[in-house]
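J.: sequence first, then the predicted structure:
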Amino acid sequence: RKSGELFRNMFYLKQVELDEANFILGLQAGLPEEFDLDASIEDLEKRCQLAFGKLEENMTAIEQVLAKQFWYSAPMRRQV
């Protein structure tokens, strides 16, 4: 966070090529603060899967915008 406060989060990083120049796209999602260390591993996994799903949706949207504006190249990923 801008304040320097620690928080739980998940990153999604992806290498892309735009007009023959390499870049790394990075997205970040915060995980709920109410999650504590006593929660079950299943609960943590579910929360992480939800966060990753949102990150993946956002990355797809970003890729579509970039592909319209640049010569875009990136590693293939599984479509679900």
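T.: That came in fine, so what should we check first?
J.: at which residues are the strands of this protein located?
T.: Using DSSP state E, the strands of the chain run over 9-18, 21-30, 72-73.
J.: just the helices in this structure please.
T.: For the chain, the helices defined by DSSP state H occupy 41-69.
J.: among the helices and strands of it, which has the poorest mean pLDDT?
T.: Ranking every helix and strand in the chain by mean pLDDT, DSSP states H and E puts strand 72-73 at the bottom, with a mean of 84.
J.: any idea what the residue most central in space within the chain is bridged to?
T.: Centroid-nearest residue in the chain: Y12, 3.0 Å away (criterion: C-alpha atoms, centre = their mean). Counting by DSSP bridges, Y12 forms beta bridges with L27.
J.: wait, it touches T60, no?
T.: No - counting by C-beta atoms under 8 Å, Y12 does not reach T60; the two are 10.9 Å apart. Any C-beta I mention is one placed from the backbone N, CA and C, and that applies to glycine too.
J.: ok, V65 - contacts?
T.: Applying C-beta atoms under 8 Å, 6 or more residues apart in numbering, we find V65 in contact with no residue.
J.: could you measure from it over to L25?
T.: V65 sits 11 Å away from L25, going by C-beta to C-beta, to the nearest Å.
J.: and P75, by the same measure?
T.: In terms of C-beta to C-beta, P75 sits 12 Å off from L25.
J.: ok, now W71?
T.: In this view, W71 and L25 are 16 Å apart by C-beta to C-beta.
J.: what's the answer for Q64, then?
T.: Counting by C-beta to C-beta - Q64 and L25 are separated by 13 Å.
J.: who has more neighbours, these two?
T.: Just comparing Q64 and L25: by other C-beta atoms under 10 Å the higher neighbour count belongs to L25, 15 against 10.
J.: what is the neighbour count of the closest residue to the more buried one other than its chain neighbours?
T.: Once flanking residues are discounted, L25 sits nearest to K14: 4.9 Å by C-beta to C-beta, 6 or more residues apart in numbering. Neighbourhood size, K14 [other C-beta under 10 Å]: 15.
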